[in-house]
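Colleague: no sequence on this one, just coordinates:
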């Protein structure tokens with residue numbers, strides 16, 4: 001038996017053994033969490049998704065979708081880290097608001113032992129809900145693989161650290177999922193699947209696949225979910241400039257359709273699983289409001305162009321990524337987009353703040369992250 005296959009078999013057997021053992025253990029085992037002097041009700045978060053929430057996993061993968069070079073991270077306290085923005089992403093900012101440390105990336109070899117007690121980030125840039133999304137950029141980790149890595153590796157490691165099974169530990173963590181945009185941009189539109197299948201059918205397939213992943217995470221013990229809607233994809237610089245993907249109106253329609261179906265899915269899960277709790281962060285609405293509001297109110301003077309230099313496909317680039325060592329705008333706080341797709345930290349601050357504390361259901365539905373964190377399970 002090949003060494004890698006043998007290792008995977010051993011990991012799966014350990015998961016099965018742990019599940020059987022926990023079934024006989026009853027519910028009397030207490031999780032040995034580290035003492036929290038902050039009074040926080042959430043122990044950490046496990047993150048799944050694509051580049052908007054990736055914090056460095058793609059640094060360790062064979063993919064062209066990377067952000068481990070300047071100007072990415074130019075304002076980040078720890079320098080270039082693999083985050084697809086100039087500084088902190090939404091996950092980092094939610095950690096700040098929840099008084100949590102930064103969540104380590106799964107593929108970092110040092111992410112083990114006590115480092116995982118506050119959670120693990122499994123997100124991978126250019127990945128999607130579908131397994132073949134992102135193949136154009138190389139070896140991204142699909143959502144299916146992220147969930148598998150979480151079950152086989154992260155949960156096994158967490159159980160070893162705190163001495164209880166996932167059904168007891170995971171209700172103390174947020175499960176954050178930010179995914180879907182690449183399935184349209186790098187799959188449906190880029191591969192011209194619209195010649196074969198309608199956008200409505202494709203979206204239905206996406207939602208059905210996402211449903212399976214969410215129910216799997218629920219079956220493992222997840223009870224507090226944070227999901228992000230798609231941004232207005234058609235407003236991003238990669239679409240508003242000459243591109244090979246699609247038109248602004250087509251991309252925005254896709255995002256609106258997906259977001260509506262996502263909300264319906266989450267309501268349905270809540271109706272059938274009474275202890276399934278969620279927050280849907282409406283990034284589409286938040287970013288649209290920022291775009292449509294006057295700069296005197298928001299501070300964003302440029303809502304359409306990338307802050308960093310981005311080469312078009314005709315210039316040898318991909319229309320999304322910052323040029324290595326390229327020039328940037330002087331004041332990042334006045335730009336909405338750092339590269340051809342990803343927001344600046346200034347926009348991420350707005351998204352995280354509304355996700356955490358907004359009482360408007362147009363921003364966070366049906367409750368906000370602060371309320372979700374305080375829920376007693």
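Modeller: Yep, that arrived. None of the values given here were measured: they were computed from a predicted structure.
Colleague: Quick one: mean pLDDT over the longest helix seen in the chain.
Modeller: In the chain, with assignment by DSSP state H, the single longest helix is helix 248-272. Across helix 248-272, pLDDT averages out at 98.
Colleague: Would you mind pulling the contact partners of it?
Modeller: Applying C-beta atoms under 8 Å, 6 or more residues apart in numbering, the external contacts of helix 248-272 come out as 180-181, 184-185, 188-189, 199-200, 203-204, 206-207, 210-211, 214-215, 218, 225, 227, 229-235, 239-240, 245, 276-278, 280, 282, 284, 365. Quick note: C-beta positions are derived from backbone N, CA and C, even for glycine.
Colleague: if you look at those, which of them are in helices?
Modeller: Those of the contacts of helix 248-272 mapping onto helices are 181, 199-200, 203-204, 206-207, 210-211, 214-215, 218, 239-240, 284, per DSSP H.
Colleague: burial measure for residue 210, as a count.
Modeller: By the criterion of other C-beta atoms under 10 Å, residue 210 has 23 neighbours.
Colleague: so what's it up against?
Modeller: 129, 143, 177, 179, 180, 262, 265.
Colleague: Most neighbours out of those, which is it?
Modeller: Of the contacts of residue 210, with other C-beta under 10 Å as the count, residue 180 tops at 30 neighbours.
Colleague: And that one, how far from residue 85?
Modeller: Plainly put, residue 180 is 19 Å away from residue 85 if you go by C-beta to C-beta, to the nearest Å.
Colleague: How about residue 293?
Modeller: 21 Å.
Colleague: With neighbour numbers in mind, choose between the two.
Modeller: Between residue 293 and residue 85, counting by other C-beta under 10 Å, residue 85 is the more crowded of the two (28 against 13).
Colleague: looking at it, the more buried one is touching residue 342, isn't it?
Modeller: Yes - between residue 85 and residue 342 a contact is recorded at 5.4 Å, counting by C-beta atoms under 8 Å.
Colleague: For this structure, just list every one of the strands.
Modeller: Using DSSP state E, the strands of the chain run over 44-49, 173-178, 224-228, 277-281, 302-306, 335-337, 364-365.
Colleague: quick one on the thing from earlier: I would like a PyMOL command selecting only the buried ones among the ones in helices among the contacts of helix 248-272, please.
Modeller: Selecting only the buried entries of those in PyMOL, with 16 or more other C-beta atoms under 10 Å as the criterion:
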select buried, resi 181+199+203+206+207+210+214+218+239+240+284
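Colleague: of all the ones in helices among the contacts of helix 248-272, which comes closest to residue 97?
Modeller: Nearest to residue 97 among the ones in helices among the contacts of helix 248-272, counting by C-beta to C-beta, is residue 284 at 21.1 Å.
Colleague: Could I get the contacting residues of that closest one?
Modeller: By C-beta under 8 Å, 6+ apart, the contact list for residue 284 reads 229, 230, 231, 232, 255, 256, 259.
Colleague: where's it relative to residue 176, distance?
Modeller: Distance from residue 284 to residue 176, by C-beta to C-beta: 17 Å.
Colleague: Could you report the neighbour count for residue 281?
Modeller: Counted with other C-beta under 10 Å, the neighbours of residue 281 add up to 26.
Colleague: er, residue 358 actually
Modeller: Residue 358 has 19 nearby residues by other C-beta under 10 Å.
Colleague: For it, give me the pLDDT.
Modeller: The predicted local confidence for residue 358 is 98.
Colleague: For it, grab phi and psi.
Modeller: According to degrees, to the nearest 10, the main-chain angles of residue 358 amount to phi -70, psi 140.
Colleague: what's the answer for residue 120, then?
Modeller: phi -140, psi 140.
Colleague: Now residue 342: closest residue in space, sequence neighbours ignored.
Modeller: residue 84 (4.4 Å; C-beta to C-beta, 6 or more residues apart in numbering).
Colleague: who wins for most neighbours among the contacts of residue 284?
Modeller: In the contacts of residue 284, the most neighbours by other C-beta under 10 Å go to residue 231, 27 neighbours.
Colleague: Show the contacting residues for it.
Modeller: By C-beta under 8 Å, 6+ apart, residue 231 lies in contact with 52, 181, 255, 283, 284, 287, 343.
Colleague: go with 10 Å
Modeller: The contact partners of residue 231, by C-beta atoms under 10 Å, 6 or more residues apart in numbering, come to 52, 180-181, 251-252, 255, 259, 282-288, 341-343, 347, 351.
Colleague: what's the closest non-adjacent residue to it?
Modeller: residue 283 (4.8 Å).
Colleague: What is the neighbour count of the one you found?
Modeller: There are 26 residues near residue 283, going by other C-beta under 10 Å.
Colleague: picking that back up, make a markdown table out of the contacts of residue 210 and add distance to residue 299.
Modeller: Below are these laid out as a markdown table (distance: C-beta to C-beta, whole Å):
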| residue | distance to residue 299 |
| --- | --- |
| 129 | 34 |
| 143 | 34 |
| 177 | 29 |
| 179 | 29 |
| 180 | 28 |
| 262 | 29 |
| 265 | 35 |
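Colleague: low-confidence ranges in the chain?
Modeller: Where the chain drops to pLDDT under 70, the residues are 1-29, 35-39.
Colleague: circling back: out of the strands of the chain, flag the one nearest residue 138.
Modeller: strand 44-49 (17.6 Å).
Colleague: which secondary structure elements does the closest one contact?
Modeller: Packed against strand 44-49, as judged by 3 or more C-beta pairs under 10 Å, 6 or more residues apart in numbering; DSSP states H and E, are the following elements: helix 90-97, helix 143-149, helix 155-162, strand 173-178, helix 199-219, strand 224-228.
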